[in-house]
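1. coordinates only, sequence not included:
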């Protein structure tokens, strides 16, 4: 039988940088690795430091992992092969980095979304995003999404475009319009 690396029941603490320009700690899953039932925490940086990061690449599996983002901590699924499924997501700040367009990398939760901050924030990767205008992209699915309003979600790092969010059942959709 093939052995697949898994995080099992572990807890991973990804601390943020402590001075301006300092990178935070990070945990990456790539290849066939599996996050299992782990608790993955990305803390925010201080004094201008970058937040901790949790990154899923390629065909890695989120399984039933719990992801917690704080401050400027980051969950980056923009280089995942398709969408990613995890157990639950708890946001006390943080940024979820996804890709849209023909390379959509949406996030699906089998358990709940917990929002401890005023907004849930999405972004494109630093090398830019790809999208078609006036096209809805499902970027988050959660069984309790109807408990939230579209005004609780925002998008950063958009130049020349405005993001509009809409909740359809258990799906959060974003579409982009030209900024006038």
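-> That came through fine. Bear in mind the structure is a predicted one, so any value in this text is a computation, not a measurement.
2. need the contact list for residue 38.
-> 7-12, 65-66 (Cβ atoms under 8 Å, 6 or more residues apart in numbering). Yep, even glycine has a C-beta here, placed from its N, CA and C like the rest.
3. Could you identify the most distant pair in these?
-> The two members of the contacts of residue 38 with the most space between them (Cβ to Cβ) are 8 and 66, at 13.1 Å.
4. Now do the shared contacts for the two.
-> Common neighbours of residue 8 and residue 66 (Cβ under 8 Å, 6+ apart) are 37-38.
5. Which one of these two is surrounded by more residues?
-> Using other Cβ atoms under 10 Å, the more surrounded residue of residue 8 and residue 66 is residue 66, with 20 against 11.
6. Am I right that that one is in contact with residue 109?
-> No: with contact defined as Cβ atoms under 8 Å, residue 66 does not count as touching residue 109 (9.7 Å).
7. residues bridging contact with those two, i.e. touching both?
-> Common neighbours of residue 66 and residue 109 (Cβ under 8 Å, 6+ apart) are 86-89.
8. Redo the residues you listed as JSON lines? Include distance to residue 138 and secondary structure.
-> Output for these, formatted as JSON lines (distance: Cβ to Cβ, whole Å; DSSP: H, G, I helix; E, B strand; the rest coil):
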{"residue": "86", "distance to residue 138": "16", "secondary structure": "strand"}
{"residue": "87", "distance to residue 138": "19", "secondary structure": "coil"}
{"residue": "88", "distance to residue 138": "18", "secondary structure": "strand"}
{"residue": "89", "distance to residue 138": "15", "secondary structure": "strand"}
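9. nearest to residue 50, of the residues you listed?
-> Using Cβ to Cβ, the shared contacts of residue 66 and residue 109 come closest to residue 50 at residue 89, 20.1 Å.
10. quick one: contacts for the closest one?
-> 66-69, 75, 96, 107, 109, 113-114, 142.
11. Give me the below-cutoff pLDDT ranges for this protein.
-> 1-2 (pLDDT under 70).
12. From residue 31, how far off is the residue nearest the centre of the chain?
-> Nearest to the mean C-alpha position of the chain, counting by Cα atoms, centre = their mean, stands residue 96 at 2.8 Å. Relative to residue 31, residue 96 is positioned 22 Å away (Cβ to Cβ, to the nearest Å).
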